[in-house]
Every structure is written in C-alpha cells, then in structure tokens.
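Colleague: sequence unavailable; structure follows:
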C-alpha cells in the first residue's frame, strides 16, 4: 500500500496516510495529545471520530471509535477536536442503555417529552478519563454495602469505596451474583420516586438526608453477545430495578476501541453521583474481555507484545480504572480458565482490588449456589464494612465455620472425634444449607442477622439439615404468627416490625443500634417459633404449603 507523507509544522490538522483494521495513520497533527479526539472530513463534524493512541516522530496513530473506515480514504484531512472523549452523566441516564460515548440505545422506550427533558436539563457531558482522587482526599472504607448474599455479608463484607473482584471459570454464576447484588439495592432505591429525583436534578436541589441512601447502579457490559444483554435487561425490568440503573452496553461485534472505553465511561458516570453526594455500585462484566480488546488494539498498533501477547502496560490500564474508586463500590468480574487464579490477568486485578469472591466449578456442580469458595475468597476491608449488629452475630459464626472447615475432612475418614467437634461440623453443614440461595434470590439484612444469631447460639442444632431451609422460609414469611397466636393485632404488629416489604423498624434499628437492644426479643421469637416448628414437624406438608403461598 502506498503511503502519503506531507510535512506539517505546528499544525492542528493532518492528512490520512494509511487506513487498516480501524487504525488510521495520519501525517501531521503535530500539536495533538494522546487521548485526544480527532475528527475527519470536517473540523466540526463528529460523524467519524478517532482516539489518539500513539504519537511517533512524524506520524499519529488513531483508533476509530465512531463511524466506518469505509467512508475514509488516503489523502483526506484529519482535524483536532480539542477535547477528550466524553459521555453523559446525571439522573437523566437512569433507566437508559448507553454506549460509552453517551448515545442512548433504547430511546424507543421513552416518550418524546422524556427525551427532551433528559437532553435539556437531566444530563451533563463529562470526560470519560479523569484523574483519580489522591490518598489525602479519600475516606476510609467503613460504610457497609449490603449484597443480599448471606455468605458475602457475613464472611466477605463489602463497603462503599471497596473494589471486590468476582472471579471464577465460565458458567459458575459470576454474572448472576453481580446481578443479584444490584437487585438487592431495590429495597432502598425504589423508595425514592423518580419525579423527586428529576426535580432534584433539574433544579439544583440541595441534597437532604432523605436521599442519603440512594445508590444508583451502573452495569458495564463489555464485549458479550447481544442476546445476553437483552436477557439481563429483561431481568432488571421484570424485577423493577431498571429505573435506578444505567446499562453501559458494548457487544462482541462493536469496535475493540469502544469496548476499551466502556468501563472508563461507566466509572465517569459513577463519579458524577459520588461528587453529588451519592453512592454508586458499578459492575464491570467483564475485565477479561476488556483486556482482550486492549490487546487487539495494541497488536494492531504494533506495540511490543508481552506475556500471553498482552502489552506491557495492561496492568496500568486496569489500575488507572480501579484506582478511580473512592467511596464507590465497584465489582469487577474476571473469568478464569480451569479454576486457575494464577493467570496473568486474574493476578493483575487481584493485586489491584481489595479482595475477591472466588466461584468454584466444583461447588457449582454440587448444586451449591452461589458457588462461593470461602477458602479462596477474601475481603481486605473486613468487619469495618459491617454494621455493628452483623459484626456482633458474625464473630461466633466465623469461629464455628473455621472449625468446621478445619475438621470436616477428618469426619469423612474417622468417626472417633470429640463430640464438641462433631457439633461444630454439623453446624457448619447446616450453615452451608442456609447459604444456598436461588437464582437472583436476596436475603434481607434483618433476616440475615436473625438467622446467623440463631445459628451461633445453637438454637438450630437439633433441627435436621433438610429442615433448615423450611424453618427459615416459614419463619421469615411471618406465617407462624397467624398460626401460633390468635391475636391478629399482635400478628400484624410483628409482621410490620420484622417482616414488612420495605425497610422495617427492626432493620432500621439494627443499622444504627447495638444488637444487645434486640437480643431478648429475637431470642423470644426464634425459640417460640422453634417450639411451634418441632411440635408440627410431623406435618411437613403444612410448612411446605405455607412456604409456597407467598410465591
């Protein structure tokens, strides 16, 4: 292919020399900077845009991020855009499916009036790449972020500002786990009516304490099948969570450059909410595909390949993304091969993040869902990211479960064990049964505290393993009140206090008070229901029918 070379000095324009594989090599553009946007065909026309990746002695290498290379040819002009890539942020993007450049993909879901409102005052234009906050500016990770996954909230607590990695082989439930965590935010987020959020956004309304727990969610979908994206959208819509979410979407047939920009654009959106006083949960699904996209770009740019053909700066690419997390909860997802967490990309991201949740193929195949391998999972924040009530009940559970893990293997080969150890092993097996949750099933905070307290006190030691799930299913749904007492007013009071649809008095109290204030009444509730349960244990059909009524 012939190459065109023209001499430029202090120029803000250049001439296209080579076009190949969405890489445009331009002679000129002497004043351009790495990361800057470049327009083609016309200085003010953004129909076709590129992103500067390499600056060499007399050439600039540009990666197309918008438009088709078929519309370009050698000899055409390229012009500096004088700004970095941008995306949309604000309350107006909630409920939208966006491209990394801020293009609304699901605009057919909105009326013309809504689109005008969103475009005029409910969104802002923000740069995709921003400087991460310095050490002095950051607050310690101490505010709990509830996931609804009991094993995580107990053993691997996540706090706002923490970067917790979800890692595991293909088809071990990584995406389902991340989706479940986002669905769990509905309990608080749906209490804030969308018009109030619009009013706040449109009038520069000063944030008050009523909005302090609102946590918008950003799901960054990187380089996967479109059908999978449609499935996830339907999951969010069906469970009424799409109104507080932004779906940052790139599919496998999108340009590698767009897939590369996607997580940075999602982070810019999360930073907008952080800077306006809110928390945000971001899921990167997944950073393995992001690394592959960046490797593709780097090889086309003829950068020297390193380990597994990844460029030498792949660690920097992920660190500059995840280091922007400060008081924002982020959940990157990494896929492993054959359960090997010592691979290049997994070890890179593990070293950057504040812990990891490892999903085991073995546990998944055994029917334990979510298939969290607690031995390989860790939270480097620890109990600082737990409410005092959860911290109180988890101390005993962690010790009991550690003994179970240490001696469970011995119980398989020897029956001559101390009765105390056998009791801990039996308790650990019951805990494993309780930790099993159905697809997208969440356990509310108050229910987690009650259940873990009951386990720690040994109240469930004399209940069979197969009956544990039935015990809590009926107990948490509150049916025992109507069966156990004839006082309907008392039943309604207990249902509203402990088991209501929205945040209950009990749950709110647990978040701000010590568990000691509630220990006596929780003990009373559990022990009285246990008597009722054991008395009617022969009639398991009663409990089975009761547990199906709510479903």
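Modeller: The structure has been received and is ready for your questions. Because the structure is a prediction, the values reported are computed rather than measured.

Colleague: pLDDT below threshold where in the stretch 1-150 of the chain?
Modeller: The stretch 1-150 of the chain contains residues with pLDDT under 70 at 1-11, 116-121.

Colleague: show me where it has its strands.
Modeller: Taking DSSP state E, counting those that start in this stretch as the test, the strands found in the stretch 1-150 of the chain are 13-20, 23-28, 37-40, 49-55, 59-66, 77-80, 86-89, 96-98, 124-127.

Colleague: equivalent analysis for the stretch 201-350 of the chain, please.
Modeller: 217-224, 245-251, 281-285, 329-335.

Colleague: picking up where we left off before, want to throw the strands of the stretch 1-150 of the chain into JSON lines with distance to residue 228?
Modeller: Heads up, the C-betas are built off the backbone N, CA and C, glycines and all. Shown next, in JSON lines, are the strands of the stretch 1-150 of the chain (distance: least, C-beta to C-beta, whole Å):
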{"stretch": "strand 13-20", "distance to residue 228": "31"}
{"stretch": "strand 23-28", "distance to residue 228": "28"}
{"stretch": "strand 37-40", "distance to residue 228": "30"}
{"stretch": "strand 49-55", "distance to residue 228": "26"}
{"stretch": "strand 59-66", "distance to residue 228": "23"}
{"stretch": "strand 77-80", "distance to residue 228": "36"}
{"stretch": "strand 86-89", "distance to residue 228": "22"}
{"stretch": "strand 96-98", "distance to residue 228": "13"}
{"stretch": "strand 124-127", "distance to residue 228": "28"}
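
Colleague: which one of those lies nearest to residue 390?
Modeller: strand 86-89 (32.7 Å; C-beta to C-beta).

Colleague: what lines up beside the closest one in the sheet?
Modeller: Paired strands of strand 86-89, with direction, are strand 124-127 (antiparallel) (DSSP bridges).

Colleague: show me the helices in the stretch 301-450 of the chain, by range?
Modeller: Assigned by DSSP state H, counting those that start in this stretch, the stretch 301-450 of the chain shows helices spanning 314-322, 344-352, 361-365, 388-413, 419-435, 445-457.

Colleague: tell me which of the strands of the stretch 1-150 of the chain lies nearest to residue 458.
Modeller: Each of the strands of the stretch 1-150 of the chain was scored for nearness to residue 458 using C-beta to C-beta, and the closest is strand 96-98 (49.4 Å).

Colleague: centre of the chain to that closest one, how far?
Modeller: Between the centre of strand 96-98 and the centre of its chain there are 17 Å (C-alpha atoms, centre = their mean, to the nearest Å).

Colleague: which residues sit against it?
Modeller: Strand 96-98 has contacts (C-beta atoms under 8 Å, 6 or more residues apart in numbering) with 87-88, 104-106, 118, 233, 246-249, 265.

Colleague: show me the shaky parts of this protein.
Modeller: Along the chain, the model assigns pLDDT under 70 to residues 1-11, 116-121, 190-212, 326-328, 412-415, 478-503, 539-551.

Colleague: ends of stretch 349-367, how far apart?
Modeller: End-to-end distance for stretch 349-367, by C-alpha to C-alpha, to the nearest Å: 28 Å.

Colleague: all good on my end, thank you.
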